[in-house]
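Asks: 3D model of this:
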Amino acid sequence: MFKSLQPSYTAVIVGAFGGIGRAVFDAIKVDPHCEKIFGLSRSSIPAIDYDTPQSLEEAATQISTEVSSIDVLIIATGALTAPNGTPPEKSVSQLTAEAMEEIFRINTIGPAITLKAFTPLLARDRRTLTATLSARVGSIGDNALGGWFSYRASKAALNQITHSAAIEQSRRNDQSVCVALHPGTIETGLSKPYARNRFTHSAEACATNLIQVLDTRTPEQSGGFFDYAGKEICW
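Replies: Numbers count the residues shown, from 1 in each chain. This is a model prediction of the structure:
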């Protein structure tokens, strides 16, 4: 699956029971070169919950008792609709502090705390791969329609965090790769209410595409923002 990694690599998938996260987890799990894979979610053991940031640190600590380091970290969490049911805003007049806070907690703060917890576990003496699940609408340069204020802003912030994390990782390990990935419009619960049947591909095909893109990035491309076909997206 990951041809650029050494055999017997170890992976951590955060959000492993969501639509894309589960597909990524399932694809890597059957790779004979993957020695160990940890799928984390609110129902996993150990469990994680962005409402309880300490749970990320505890999960990382527990995993560190089983493996000395990890080679792959994929953060496949995200939300388009706030947990309270608030849909993406069509106008600035629809913004509420409560919904924005919820979207940022899931799309930005949670992944950032995940990076904090798991970056120390990334191997320092060989190639490592880290990816966050972003979205094309997080691109400021590509925004020609407006709307979706909270979602767009939360993903733009995630892109900045990913870029900064990539710089820090490169100082620890010049073989590291850390990128933000746009999966496309996938047949998942997140996209269905808004996709208008314009799906790009299935979750399984998406997982294959994202793994391929991540696997073929070079350290020089670390910190970048790429779509499911490997094309770079403007910030």
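Asks: Every contact and neighbour count from this point should use C-alpha atoms.
Replies: Will do.
Asks: And the next helix or strand past the worst-scoring helix or strand of the chain on mean pLDDT?
Replies: Ranking every helix and strand in the chain by mean pLDDT, DSSP states H and E puts helix 192-195 at the bottom, with a mean of 54. The first helix or strand that comes after helix 192-195 along the chain, using DSSP states H and E, is helix 203-215.
Asks: avg pLDDT for that next one?
Replies: The predicted model assigns helix 203-215 a mean pLDDT of 96.
Asks: again with stretch 123-139
Replies: Here the average pLDDT along stretch 123-139 is 97.
Asks: Helix or strand: which one has Lys36?
Replies: According to DSSP H and E, Lys36 maps onto strand 34-40.
Asks: can you pull the alpha-carbon coordinates of that strand into CSV?
Replies: Taking Å, rounded to 0.1, in the frame of the first residue of the first chain, the C-alpha atoms of strand 34-40 are listed here in CSV:
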residue,chain,number,x,y,z
CYS,A,34,1.7,-2.9,7.7
GLU,A,35,2.9,-4.5,10.9
LYS,A,36,0.6,-2.5,13.2
ILE,A,37,-2.3,-0.2,12.7
PHE,A,38,-4.2,1.8,15.3
GLY,A,39,-7.7,3.0,14.4
LEU,A,40,-8.9,5.8,16.8
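Asks: How far off centre is it?
Replies: Relative to the chain's own centre, strand 34-40 is displaced by 16 Å; criterion: Cα atoms, centre = their mean, to the nearest Å.
Asks: what does stretch 75-93 give?
Replies: 17 Å.
Asks: end to end, how far does it reach?
Replies: 32 Å (Cα to Cα, to the nearest Å).
Asks: avg pLDDT for it?
Replies: 93.
Asks: immediately after the strand holding Lys36, which helix or strand?
Replies: Assigned by DSSP H and E, the successor of strand 34-40 is helix 54-64.
Asks: who touches that following helix?
Replies: Residues from elsewhere that reach helix 54-64 (Cα atoms under 8 Å, 6 or more residues apart in numbering): Pro46, Ala47, Ile48, Asp49, Tyr50, Ile113, Thr114, Ala117, Phe118, Leu121.
Asks: Could you tell me the phi and psi values at the spatially most central residue of the chain?
Replies: Centroid check for the chain by Cα atoms, centre = their mean gives Thr132 as the closest residue, at 2.6 Å. Backbone torsions for Thr132, taken as degrees, to the nearest 10, come to phi -110, psi 150.
Asks: Roughly how far does it sit from Pro120?
Replies: Distance of Thr132 to Pro120, given as Cα to Cα: 17 Å.
Asks: With Glu168 instead?
Replies: According to Cα to Cα, Glu168 stands 11 Å off from Pro120.
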